[in-house]
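Q: structural data only, the sequence is not supplied:
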């Protein structure tokens, strides 16, 4: 089994924080303070040491930054795809793209381990689009944990494959829960190259005989650790069992556990292993805690923070659907432009809230962990954990919504 790691050298430079706020019984801890007290998490969750929520931001010096071995023009892909990459403004490959694309183009099974926001989607879409271009009847199945991630990948696919007069158009079907299954069935009756979907809806359509798994020679399992966390293991096994044994399988995960290793041994054949993780959390995200005194109002503390100009685009995480909806309404009553996304909202309402947030029509999005994986929202200035995450992995993926594309970000976790 081949194991590759990026030759990335990180230079840690000191980051001087501003003086902590002192309003309404709130205090943001000074960086570097160690506190061994553990805090409770959600029902069924683990206890997480408070010190894990406090990390100095670090800066990567340009001289020592990652230097890719390839340029996009070096890859053995079609000219139309190269032009689409240039048109999207992509300059040089990210580490996961630089290391993965050549192996995927060669047909190898691949395990990619990378922090969120590192360009994983492009790492598998670029070579697989080329694969379809070379063999127009090729069909690719991409399995993801959430409907939001499926839609995001589908949109990214479309941006790489604009309609042209010289190239055959690539068609995709997005098969997700919460959306009309009738429409998806209708789209599946036409010739397509990609299916992007969530495990539950895919299984439903397979059982209705609308999807023939034996036709898929390429399968991508993206955010596999999240699918495992969400209880999709049986659906994943059901889907993989129906695909050809000779398939090419690409498996992407931000974390590796013993359970994930078992899935790797089940689903992949002598995979190339590529790790570009530089740590559990992004180096460019400043992390700290907000300690709320017993006599202080947690909501008032949040209100004071959000009134600071630096909190320009804020993603707030809560534990429950009811709590998220209530918090969103309270913030709106205080005059903030806020919306919510959670499991009780239907698909169209969730997409509407995300669109408002992405397009700067609202300043604050309050969410359950449904939004913690896969969403690529540019320029989120702050992630606030209003409620303690259930697990440390959930924390990692929550704060990965800020500091994307090597920009600086801030993450704050409320501690009562």
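A: Received it, and whenever you're ready, just let me know what you need. Quick caveat, the model's predicted, so the values are computed rather than measured.
Q: pop out the phi and psi values for the nearest residue to residue 134 once chain neighbours are set aside.
A: Spatial nearest neighbour of residue 134, excluding adjacent residues (CB to CB, 6 or more residues apart in numbering): residue 78 at 8.0 Å. For the C-beta atoms, the positions are set from N, CA and C on the backbone; glycine is no exception. Main-chain dihedrals, residue 78, degrees, to the nearest 10: phi -70, psi 160.
Q: now do residue 365
A: phi -120, psi 120.
Q: tell me how far it lies from residue 268.
A: 36 Å (CB to CB, to the nearest Å).
Q: more neighbours: which of those two?
A: Neighbour totals were compared for residue 365 and residue 268, and residue 365 leads with 26 against 22 (other CB atoms under 10 Å).
Q: just the helices in the stretch 1-150 of the chain please.
A: Ranges of helices within the stretch 1-150 of the chain are 79-87, 95-105, 120-134, 147-160, based on DSSP state H, counting those that start in this stretch.
Q: and the stretch 151-300 of the chain, by the same measure?
A: 181-188, 199-207, 224-229, 233-241, 258-267, 298-306.
Q: need the least confident one among these, by mean pLDDT.
A: Confidence, taken as mean pLDDT, is least for helix 224-229 of those (a mean of 86).
Q: hmm, who's touching that helix?
A: Outside helix 224-229, the residues that touch it by CB atoms under 8 Å, 6 or more residues apart in numbering are 143-146, 199, 221, 233, 236, 251-257, 259-260, 263, 373-374, 391, 393, 397.
Q: now do 10 Å
A: With CB atoms under 10 Å, 6 or more residues apart in numbering as the test, helix 224-229 has contacts from 111-113, 143-146, 149, 198-199, 221, 223, 232-233, 235-236, 251-257, 259-260, 262-264, 267, 369, 372-374, 390-391, 393-394, 397.
Q: now, these that are in strands?
A: 111, 112, 113, 143, 221, 251, 252, 253 (DSSP state E).
Q: out of those, which comes closest to residue 69?
A: residue 112 (16.1 Å; CB to CB).
Q: quick one, what contacts that closest one?
A: With contact set as CB under 10 Å, 6+ apart, residue 112 has these partners: 96-97, 99-100, 103-104, 118, 120, 123-124, 220, 222, 224, 250-254, 271-276.
Q: what sits closest to it if chain neighbours are left out?
A: residue 252 is the one closest to residue 112 (CB to CB, 6+ apart), at 4.5 Å.
Q: pretty sure that neighbour contacts residue 114?
A: Yes: counting by CB atoms under 10 Å, residue 114 is a contact partner of residue 252 at 7.2 Å.
Q: what touches both of these two?
A: Common neighbours of residue 252 and residue 114 (CB under 10 Å, 6+ apart) are 96, 100, 120, 123, 274.
Q: top of those by number of neighbours, please.
A: Of all those, the highest neighbour tally under other CB under 10 Å goes to residue 100, namely 30 neighbours.
Q: skipping its backbone neighbours, what lies nearest that residue in space?
A: Nearest non-adjacent residue to residue 100, counting by CB to CB, 6+ apart: residue 123, 4.4 Å away.
Q: could you list the buried residues of stretch 146-153?
A: Going by neighbour count (16 or more other CB atoms under 10 Å), the buried part of stretch 146-153 is 146, 147, 148, 149, 150, 151, 152, 153.
Q: list the contacts of the last one.
A: Right, residue 153. For residue 153, the contact set (CB under 10 Å, 6+ apart) comprises 120-121, 124-125, 142, 144, 172, 174, 194, 196-197, 220, 222, 374, 376.
Q: pLDDT-wise, what's the bottom of those?
A: Out of the contacts of residue 153, that is residue 374, at 58.
Q: sorry, back to before: give me the distance between the residue nearest to residue 100 and residue 85.
A: Using CB to CB, residue 123 is found at 12 Å from residue 85.
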